[in-house]
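Got a predicted model here, sequence first, then my questions.
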Amino acid sequence: MPLYEHVLITRQDLSSAQAEGLIEHFSTVIADNGGKLVDHEYWGVKTMAYKINKNRKGHYAYLRTDAPSAAVQEMERLARLHDDVMRVLTIKVDAHEEGPSVQMQKRDERSDRGDRGDRGDRGERRDRGDRPSFGDRGDRGDRPSFGDRR
């Protein structure tokens, strides 16, 4: 069966128990339609980039499923009809990654980012003393500026 990853965003005024109850509800919908829930994570309340239905924050949940497309379509249909669910994102993947998602890993465990020490590709920075001052015309020659009238 195909493998899917889902992210659900629910309203911010729900309790965390209610938000986790929605995970159980949608996992039973998947199971009733011939699929199975491989793993799920509750990411907690997070601030969104923009308001959705007058909400600045939302409860985020992450589900990994192994289900036929009919089960996924039914789960998405019921999630869109549910009043507490604001957004649903479903992605079909080739394989599920082992362990916790990137969102649940601690920052020090994420080794893909280098330290912020050496920035070798930027070249040398000039000292502030090397910059021309604001009033200095530099190499512009005799070109008039906006304030010059000739």
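That came through fine.

CA only for contacts and neighbour counts going forward, please
Fine.

Not counting its neighbours along the chain, what's nearest Ala49?
Once flanking residues are discounted, Ala49 sits nearest to Arg56: 7.9 Å by Cα to Cα, 6 or more residues apart in numbering.

Around the one you found, count how many other residues there are.
Residues contacting Arg56 under the criterion other Cα atoms under 10 Å number 14.

That one contacts Thr47, doesn't it?
Yes - with contacts counted by Cα atoms under 8 Å, Arg56 reaches Thr47, the gap being 6.0 Å.

Show me where the protein has its helices.
Taking DSSP state H to define them, one finds helices in the chain at 16-32, 69-81.

Looking at these, spot the one closest to Met104.
helix 16-32 (15.9 Å; Cα to Cα).

what ranges do the strands span in the chain?
3-11, 36-52, 55-66, 85-93 (DSSP state E).

Distance to Met104 added to the ones you listed, as CSV?
Formatted as CSV, the strands of the chain follow (distance: least, Cα to Cα, whole Å):
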stretch, distance to Met104
strand 3-11, 13
strand 36-52, 7
strand 55-66, 10
strand 85-93, 18
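
ok so, going back, would you format the helices of the chain as JSON lines with mean neighbour count and distance to Ala95 included?
What follows is the helices of the chain, written out as JSON lines (neighbours: other Cα atoms under 10 Å; distance: least, Cα to Cα, whole Å):
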{"stretch": "helix 16-32", "mean neighbour count": "17", "distance to Ala95": "18"}
{"stretch": "helix 69-81", "mean neighbour count": "16", "distance to Ala95": "16"}
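
mind checking how far the closest residue to His59 other than its chain neighbours is from Pro100?
Take His59 and drop its neighbours on the chain: the residue closest to it by Cα to Cα, 6+ apart is Val45, 4.4 Å away. Look at Val45 and Pro100: by Cα to Cα, to the nearest Å, they are 18 Å apart.
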